[in-house]
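S.K.: Give me the fold of what follows.
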Amino acid sequence: MKGTVRYAFAALVAFSLLTFGSVAQAEQRPYPGAPYTNAQVIDGFRRTVFGSEYYGLLNPAIVRKYDKRVLMYIDASRAPSRRQAVANFASSLPGLIPGLRLSVTTNRSHANFIVHLTPKRSFRSTATKVLKGGRPPATSQCLVVAEYNSSGIESSDAIVVTDRGQATFERCLREEILQGLGPLNDDATLRFSMFNDTSRLRRFRRFDRLIMAMLYDPLLRPGKSKASVEPLLPVLLRRAIRNISRR
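M.R.: Next up, the predicted model:
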């Protein structure tokens, strides 16, 4: 009887430690004082990198990223005063996203990422052209589409409305440029992310930087399935935390 009691007690202690360890691990945070956990960042990665808010795209349940240098052209013919703000943000990205290679080019024919700056009155006509005859969602103020395959993203087009106020402009240019690099899905549950059409965030903060650093880690190859990526996610996050903390 005594041996049975001891065994049951030992099993209870082991179960308690396992449970506590699991809870503690789930509550780990990427940096001291972070308002979100590591698990929430990984969940954000899953929700944004896999899936797409737009119709008619290739299988969205694969990793989409540029596997080559991004050459970005800014079409500011309708809003020349906004060009420099876009160029400044784009040029800052290689320093904020480890693994990303990006340059702004003045040669449109060399570009594989075009940012179309347009006033509201021209948004739908520009979007229809970019969507090759498709119609943008009625509530859209800006959008991005990407052409990709299992080898990576081939090209992206972002449309940014320039005359709906400074806050809308800043949010649109950051969200659409970042999403054009791979995390093409929006999700209303991501309250710490710009990749959420219901949020008012307009700065490229650490939550989204971690997602982007995970995506552009050389360990993660374009075209990989969601299932094959799942075991890598904790490793990718640890590397992202380490790399971003140095910048």
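
S.K.: Quick check: bridge partners of residue 74?
M.R.: When bridges are called by DSSP bridges, residue 74 pairs up with residue 115.

S.K.: Need the contact partners of the longest strand anywhere in the chain.
M.R.: Taking residue count as the measure and DSSP state E as the definition, the longest strand of the chain comes out as strand 152-161. Contacts to strand 152-161, defined as CB atoms under 8 Å, 6 or more residues apart in numbering, come from residues 64-68, 82, 86, 112-120, 123, 126-127, 130, 141-148, 168-169, 172-173, 176-177, 179-182, 222-223. In short, each C-beta sits where N, CA and C put it, glycine included.

S.K.: Could I have the PyMOL command that selects the buried members from the residues you listed?
M.R.: Below is the selection syntax for PyMOL that covers the buried ones among the contacts of strand 152-161, with 16 or more other CB atoms under 10 Å defining burial:
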select buried, resi 64+65+66+82+86+112+113+114+115+116+117+118+123+126+127+130+141+142+143+144+145+146+148+168+169+172+173+176+177+179+180+181+182+222+223
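
S.K.: And the strands in this protein?
M.R.: Assigned strands in the chain, in chain order: 70-75, 102-104, 113-118, 142-149, 152-161 (criterion: DSSP E).

S.K.: so what strands line up beside the last one?
M.R.: I take that to be strand 152-161. Note on strand 152-161: by DSSP bridges, its sheet partners are strand 113-118 (parallel), strand 142-149 (antiparallel).

S.K.: Over to the shortest one?
M.R.: Applying DSSP bridges to the sheet, strand 102-104 is found paired with strand 70-75 (parallel).

S.K.: Could you give the average pLDDT over the partner strand?
M.R.: Along strand 70-75, the predicted confidence averages to a pLDDT of 98.

S.K.: Please apply the same query to stretch 130-142.
M.R.: Regarding stretch 130-142, the rounded mean pLDDT is 80.

S.K.: what sits up against it?
M.R.: Where contact means CB under 8 Å, 6+ apart, the residues beyond stretch 130-142 that reach it are 55-56, 116, 120, 123-124, 127-128, 143, 145, 157-161, 164, 168, 172-173, 175-176.

S.K.: quick one on the thing from earlier: which parts of the longest strand of the chain are buried?
M.R.: For strand 152-161, burial by neighbour count (16+ other CB under 10 Å) applies to 152, 153, 155, 156, 157, 158, 159, 160, 161.
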